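*Asks:* need the 3D shape of this:
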Amino acid sequence: MTSAKFSQEVEKIASHNDMNYIDAILHYCDINNIEVETVSKLITKPLKEKLKFDAQKLNFIKKTSRAKLMLV
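*Replies:* Here you go, the predicted structure:
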């Protein structure tokens, strides 16, 4: 399994089942009988950012105060 394929599968699960990315990864691991601890090396940078956003939204981690430039 490559990082790109794993991220694709997680994206597909998240969008088709209306799940956040945290739940989608857990669901993927459950379906494929994979230990959750072993997928950390398969998480790509874009997926990591989406996970971080979900975790902040769910108050699992503190929100960062870094300002982002909005392009119009």
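
*Asks:* quick one: end-to-end distance for stretch 23-43.
*Replies:* Start and end residues of stretch 23-43 are separated by 14 Å (CA to CA, to the nearest Å).

*Asks:* residues of the helix or strand of the chain with the lowest mean pLDDT that come out buried?
*Replies:* Every helix and strand of the chain was ranked by mean pLDDT, DSSP states H and E. The lowest is helix 45-57, at a mean of 92. Residues of helix 45-57 classed as buried by neighbour count (16 or more other CB atoms under 10 Å): 47, 50-51, 54-55. The way it works is simple: take the backbone N, C-alpha and C, and place the C-beta from them, glycine included.

*Asks:* which pair of those residues spans the longest distance?
*Replies:* Spatial extent of these (CB to CB) is set by the pair Leu47 and Ala55 at 12.4 Å.

*Asks:* just to revisit the earlier point, gap between the least confident helix or strand of the chain and the chain center?
*Replies:* Using CA atoms, centre = their mean, to the nearest Å, the mean C-alpha position of helix 45-57 is found 6 Å from that of the whole chain.

*Asks:* which strands or helices does that helix pack on?
*Replies:* Where contact means 3 or more CB pairs under 8 Å, 6 or more residues apart in numbering; DSSP states H and E, helix 45-57 is packed against helix 3-16, helix 21-31.

*Asks:* helix 21-31 and that one, what's the angle between them?
*Replies:* 110 degrees (axes from the mean of the first three to the mean of the last three CA atoms, to 10 degrees).
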